[in-house]
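K.L.:
Give the three-dimensional model of this entry:
(2 chains)
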Amino acid sequence: AQSVTQPDIHITVSEGASLELRCNYSYGATPYLFWYVQSPGQGLQLLLKYFSGDTLVQGIKGFEAEFKRSQSSFNLRKPSVHWSDAAEYFCAVGAETQGAQKLVFGQGTRLTINP
Amino acid sequence: KAGVTQTPRYLIKTRGQQVTLSCSPISGHRSVSWYQQTPGQGLQFLFEYFSETQRNKGNFPGRFSGRQFSNSRSEMNVSTLELGDSALYLCASSSSLTPGQGDRSPLHFGNGTRLTVT
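P.N.:
Okay, the predicted model is just below:
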């Protein structure tokens, strides 16, 4: 069975600073990996996804993530954060054998932006 | 294109009652999945439907059930509500035409139904 760990429950960064959110997964075969963002009172919005191929994937809103199989990680990065990036971020893993609909989510990282 | 629509947005129920939540997927999407989000357990998969058939089920008791109609709209029902059922229930749809192994159609989530059980 898959599992996901997001080690940081809460991160605070200054506006304009760079950001890296950590995600470690556990799955024996090829994982499907996703990052979602959730603003207060809203559902989840897909930021980016990785299935195979190039290990650096680009997403919306200037986010990117890098898949590192050797470290079982899929960290999310952004070079310069904006106040509107304040939200909760979820990493999720799916199994290639089951498809991308049944996901296991991490506990989330809440991002606060200092002006 | 309209997104995933969930109704109602908020519900307050009493312990022991039952509740039905509704989800309309993005037009053309035939796969609908349901997730429960709580502060303690996080996001957990409930079940997935495709073409009116339940394809996958999470680890929830039988009090949680769902169905999908021929127009792909879906409902989930929770019977004999418990305080621990208080949660945000999220519905997601995908454009998958052949769900299952190798399917890469990502989930598109609605804004959820906030259920409070008192």
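K.L.:
Up against chain B, what does chain A have?
P.N.:
A:32, A:34, A:36, A:41-46, A:49, A:51, A:90, A:92, A:96-108 (Cβ under 8 Å from any Cβ of the partner chain). C-beta: built from backbone N, CA, C; applies to glycine.
K.L.:
List only those of the residues you listed flagged as buried.
P.N.:
Among the residues of chain A next to chain B, those classed as buried by neighbour count (16 or more other Cβ atoms under 10 Å in any protein chain shown) are A:32, A:34, A:36, A:43-46, A:49, A:51, A:90, A:92, A:96, A:98-108.
K.L.:
now the residue nearest the centre of chain A: how far from chain B?
P.N.:
Residue closest to the mean C-alpha point of chain A, counted by Cα atoms, centre = their mean, is A:Trp35 at 3.4 Å. According to Cβ to the nearest Cβ, to the nearest Å, A:Trp35 and chain B sit 11 Å apart.
K.L.:
And the spatially closest residue to A:Ser14 that is not a sequence neighbour, how close does it get to chain B?
P.N.:
Closest residue to A:Ser14 in three dimensions, ignoring its sequence neighbours and counting by Cβ to Cβ, 6 or more residues apart in numbering or on different chains: A:Asn114, at 4.6 Å. Distance of A:Asn114 to chain B, given as Cβ to the nearest Cβ: 24 Å.
K.L.:
Please work out how many residues are found near A:Asn114.
P.N.:
Burial of A:Asn114 is recorded as 12 neighbouring residues (other Cβ atoms under 10 Å in any protein chain shown).
K.L.:
What residues does chain B have near chain A?
P.N.:
Chain B comes close to chain A at residues B:4, B:31, B:33, B:35, B:42-45, B:48, B:55-56, B:58, B:90, B:92, B:94, B:96, B:99-112, as judged by Cβ under 8 Å from any Cβ.
K.L.:
Can you go through those residues and name the buried ones?
P.N.:
The neighbour count (16+ other Cβ under 10 Å) marks B:4, B:31, B:33, B:35, B:42-45, B:48, B:55-56, B:58, B:90, B:92, B:94, B:96, B:99, B:103, B:105-112 as buried among those.
K.L.:
Which of the residues you listed fall in strands?
P.N.:
B:31, B:33, B:35, B:42-45, B:48, B:55-56, B:90, B:92, B:94, B:108-109 (DSSP state E).
K.L.:
which SS state does the closest residue to B:Gln101 other than its chain neighbours fall under?
P.N.:
Once flanking residues are discounted, B:Gln101 sits nearest to A:Thr97: 5.2 Å by Cβ to Cβ, 6+ apart. Recorded secondary structure, A:Thr97: coil (DSSP: H, G, I helix; E, B strand; the rest coil).
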